[in-house]
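Participant: here are the coordinates; sequence isn't available:
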Ligand SMILES: [Ca+2]
Ligand SMILES: [Ca+2]
Ligand SMILES: [Ca+2]
């Protein structure tokens, strides 16, 4: 474990910031007020923003009268939050979404890519929903039994798709095929890309393959595909709780508060984690064992958004100028001085 966090930091910060933190959400990040962005949004999973602030939300009906593969439609949340509507065609397992801003993959700028798996044992797919709602298949895996749960884009515009089964693909815009890229491990399928095009995922617990339960060796660790060496390496030995099958990762947008660190949480402890480029994690929040958080995403407004699959909400954390003062070791000194 590389956890630097001490639980008293969190307690102290709660006292310090209680006046400015909305009590509307169970999840807490030190010094950053949290609030509900959209409520009663049924089964939210993957999140992605268009540049104008429109939010697209993948969907899973496991806690809404269906199961993880029930066909349904994704949601589109209006700019600023609050109101939303279903968007596009009915799709199997539409968990993950990614906005195709320039139409590089779908052919239509502003389309929303949706990734999932066909039925119980079909191929993994990427569909595209055009701005007018027209829904078309972009590509699917050549063989069956791939659950594509993560999409990411490299600096040269290569579209990367990650599967629970551990096979990662790159979309070939010439042939419209998903070409094999590398093998990670049994993962949660989440895909996060850093500034050097290294690709990160969290090791999952187990998968069903060919009717058999296949466990993984190191569940909850963060792995990294190293672009320079072409190898998969253990980036952070965090033993995150992956019993729900998901463990989202998101890189900060490079601003003064979030920086370019990697953010995730441990569902087992409820701790929210900031992970530096060496894989060292610091605890900066609590309560993340509530609501079944399915994805994390930074918006064009610099706020962090999280989908709560079980609570049917998307919540938002907007740093304030005072939040920056609470950063890092300086924050601990500040908190201690005030409590002395
Ligand atoms: Ca996302
Ligand atoms: Ca699903
Ligand atoms: Ca899925």
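Facilitator: On my side now, so go ahead. The shown structure was predicted, so the numbers you read here are calculated from the model rather than taken from an experiment. Ligands and ions are numbered 1, 2, ... in the order given.

Participant: Stretch 58-72: end-to-end distance?
Facilitator: Using CA to CA, to the nearest Å, the gap from the first to the last residue of stretch 58-72 comes to 10 Å.

Participant: what's next to it, contact-wise?
Facilitator: Residues outside stretch 58-72 that contact it (CB atoms under 8 Å, 6 or more residues apart in numbering): 42-47, 73-75, 90-97, 114, 117, 119-120, 292, 294-295, 309-310, 312. Backbone N, C-alpha and C define where each C-beta goes, glycine included.

Participant: Contacting ligand 1 as well, which ones from those residues?
Facilitator: Among the contacts of stretch 58-72, the ones lying near ligand 1 by CB under 5 Å from the ion are 46, 47.

Participant: In helices, which of the contacts of stretch 58-72 fall?
Facilitator: Nothing among the contacts of stretch 58-72 maps onto helices, per DSSP state H.

Participant: Which among the contacts of stretch 58-72 count as buried?
Facilitator: By neighbour count, with 16 or more other CB atoms under 10 Å, those hold 42-47, 73-75, 91-97, 114, 117, 292, 294-295, 309-310, 312 as buried.

Participant: near ligand 3, which residues of the stretch 1-150 of the chain?
Facilitator: Checking the stretch 1-150 of the chain against ligand 3 by CB under 5 Å from the ion, the hits are 93, 95, 116, 147, 149.

Participant: again, 6 Å this time
Facilitator: Taking CB under 6 Å from the ion, the part of the stretch 1-150 of the chain that reaches ligand 3 is made up of 93, 95, 116, 117, 147, 149.

Participant: As a markdown table, the residues you listed with pLDDT would be great.
Facilitator: Converted to a markdown table, these look like this (pLDDT from 0 to 100):
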| residue | pLDDT |
| --- | --- |
| 93 | 96 |
| 95 | 96 |
| 116 | 96 |
| 117 | 96 |
| 147 | 93 |
| 149 | 93 |
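
Participant: Filter those residues down to just the ones in strands.
Facilitator: Among those, the members found in strands (DSSP state E) are 116, 117, 149.

Participant: with these in mind, which one is nearest to residue 269?
Facilitator: Distance ranking of those against residue 269, using CB to CB, places residue 149 first at 23.2 Å.

Participant: How about the closest one: what's its closest non-neighbour residue?
Facilitator: residue 189 (2.7 Å; CB to CB, 6 or more residues apart in numbering).

Participant: Flag the helix or strand of this structure with the lowest per-element mean pLDDT.
Facilitator: Here the helix or strand of the chain ranked lowest by mean pLDDT, DSSP states H and E is helix 7-17, holding a mean of 36.

Participant: Run through the stretch 1-150 of the chain and note the low-pLDDT ranges.
Facilitator: Residue ranges of the stretch 1-150 of the chain with pLDDT under 70: 1-23.

Participant: hmm, 90 instead?
Facilitator: 1-24, 120-121 (pLDDT under 90).

Participant: before we move on, what about the stretch 151-300 of the chain?
Facilitator: 185-190, 205-218, 243-246.

Participant: Near ligand 1, which residues of it are found?
Facilitator: Neighbours of ligand 1 within the stretch 151-300 of the chain, by CB under 6 Å from the ion: 295, 297.

Participant: all strands of the stretch 151-300 of the chain, in order?
Facilitator: Secondary structure of the stretch 151-300 of the chain, counting by DSSP state E, counting those that start in this stretch: strands at 159-163, 167-172, 177-183, 192-193, 199-202, 206-209, 212-215, 222-225, 232-236, 250-251, 262-265, 272-275, 281-286, 293-298.

Participant: again, but for the stretch 1-150 of the chain
Facilitator: Under DSSP E, counting those that start in this stretch, the stretch 1-150 of the chain gives strands at 28-29, 34-39, 44-49, 55-59, 72-77, 84-91, 96-100, 111-117, 124-129, 135-140, 148-153.

Participant: mind putting the ones you listed in a markdown table, distance to residue 299 included?
Facilitator: As requested, the strands of the stretch 1-150 of the chain are exported to a markdown table (distance: least, CB to CB, whole Å):
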| stretch | distance to residue 299 |
| --- | --- |
| strand 28-29 | 15 |
| strand 34-39 | 9 |
| strand 44-49 | 5 |
| strand 55-59 | 7 |
| strand 72-77 | 11 |
| strand 84-91 | 15 |
| strand 96-100 | 12 |
| strand 111-117 | 16 |
| strand 124-129 | 20 |
| strand 135-140 | 25 |
| strand 148-153 | 17 |
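
Participant: Quick one: closest of these to residue 279.
Facilitator: strand 148-153 (19.0 Å).

Participant: so what strands line up beside the closest one?
Facilitator: strand 159-163 (antiparallel) (DSSP bridges).

Participant: what is the orientation angle of the strand it pairs with with strand 96-100?
Facilitator: For strand 159-163 against strand 96-100, the angle by axes from the mean of the first three to the mean of the last three CA atoms, to 10 degrees is 180 degrees.

Participant: Can you tell me what sits against strand 159-163?
Facilitator: Counting by CB under 8 Å, 6+ apart, 104-105, 113, 115, 124, 126, 141, 146-154, 168-171, 178, 181, 184, 187, 189-191, 193, 199, 201 sit against strand 159-163.
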